[in-house]
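Colleague: Predicted coordinates and the sequence they were generated for:
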Amino acid sequence: MLTTIIILVTCVLISSFAAFMKNKYVAEIETIQTCPNNFQMETPITNLKLSRYNRTQKALSYDFTYLRPLDEKVGGAVSADRWGDGGWINIPFLGFQPYICRYMLRFLRSVWVPFYENVGVAHPDRCPIPPGKYSLKNYSMDSTGINIPFFSGRFRFTSTFQDVDTKENIVCIIYVIKITEMF
């Protein structure tokens with residue numbers, strides 16, 4: 001779900017710009033947390049757990065229930081902040097995209113489909129994603145060899161799905177990621 005947005009954006013950056021990058025980067029997910037108003041949202045995330053799988057991989061697990069389909073009425077966005085000067089500084093990233101399911105299948109299919117396969121969606125390669133109870137279990141997140149046109153530092157990514165008409169958040173999750181350039 002929201003993990004998919006972060007992973008998908010990273011994959012697009014990797015594939016689009018790898019030819020231009022001379023250095024490799026390691027992205028380590030430091031923490032994952034729900035947004036402060038998680039339990040007031042339509043789809044609260046529960047049982048959130050990030051665990052180390054091995055030296056280079058972490059595994060993510062959590063539960064969520066979609067009360068409605070992820071159809072043309074659900075959009076999504078990712079905001080990014082960089083740690084600096086003792087606080088978080090906003091940087092432009094991925095603005096609101098209407099019909100997030102179609103957008104992700106079109107541009108980030110290689111991450112969207114495996115994510116929804118992991119949670120048990122019967123046809124993760126089609127929109128809409130149906131309502132239902134879902135569990136992400138030990139979703140592997142490898143942080144080695146990322147070739148992205150980014151810079152080292154600590155970043156906070158906030159991923160949201162929103163109602164297209166009201167712009168109210170349906171679900172929200174926050175990742176803090178440390179990116180280190182490898183020389």
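Modeller: Ah, there it is.
Colleague: Which of the three states applies to Tyr116?
Modeller: helix (DSSP: H, G, I helix; E, B strand; the rest coil).
Colleague: pretty sure it is in contact with Ile129, am I right?
Modeller: Yes: taking C-beta atoms under 8 Å as the definition, Tyr116 is a contact partner of Ile129 at 6.2 Å. C-beta coordinates here come from the backbone N, C-alpha and C atoms, glycine included.
Colleague: Show me which strand runs longest in this structure.
Modeller: Counting residues, the longest strand in the chain under DSSP state E turns out to be strand 169-182.
Colleague: Mind checking the pLDDT average for that strand?
Modeller: Average pLDDT, strand 169-182: 90.
Colleague: The lowest-mean-pLDDT helix or strand in the chain: what's the following helix or strand?
Modeller: Every helix and strand in the chain was compared by mean pLDDT, DSSP states H and E; the lowest is helix 2-17, with a mean of 46. Going down the chain from helix 2-17, the next helix or strand is strand 24-34, by DSSP states H and E.
Colleague: quick one, that next one and strand 169-182 angle?
Modeller: Counting by axes from the mean of the first three to the mean of the last three C-alpha atoms, to 10 degrees, strand 24-34 lies at 150 degrees to strand 169-182.
Colleague: packing partners for the helix or strand that comes right after strand 24-34?
Modeller: Sequence-wise, the next helix or strand downstream of strand 24-34 (DSSP H and E) is strand 46-52. Applying 3 or more C-beta pairs under 8 Å, 6 or more residues apart in numbering; DSSP states H and E, we find strand 46-52 packed against strand 24-34, strand 57-66.
Colleague: Excluding covalently adjacent residues, which one is nearest to Ser152?
Modeller: Spatial nearest neighbour of Ser152, excluding adjacent residues (C-beta to C-beta, 6 or more residues apart in numbering): Glu181 at 4.7 Å.
Colleague: What distance do you get for that neighbour to Lys24?
Modeller: Using C-beta to C-beta, to the nearest Å, we find Glu181 at a distance of 8 Å from Lys24.
Colleague: next helix or strand past the host helix or strand of Trp88?
Modeller: Trp88 belongs to strand 87-97 when assigned by DSSP H and E. The element immediately downstream of strand 87-97 (helix or strand, assigned by DSSP H and E) is helix 100-107.
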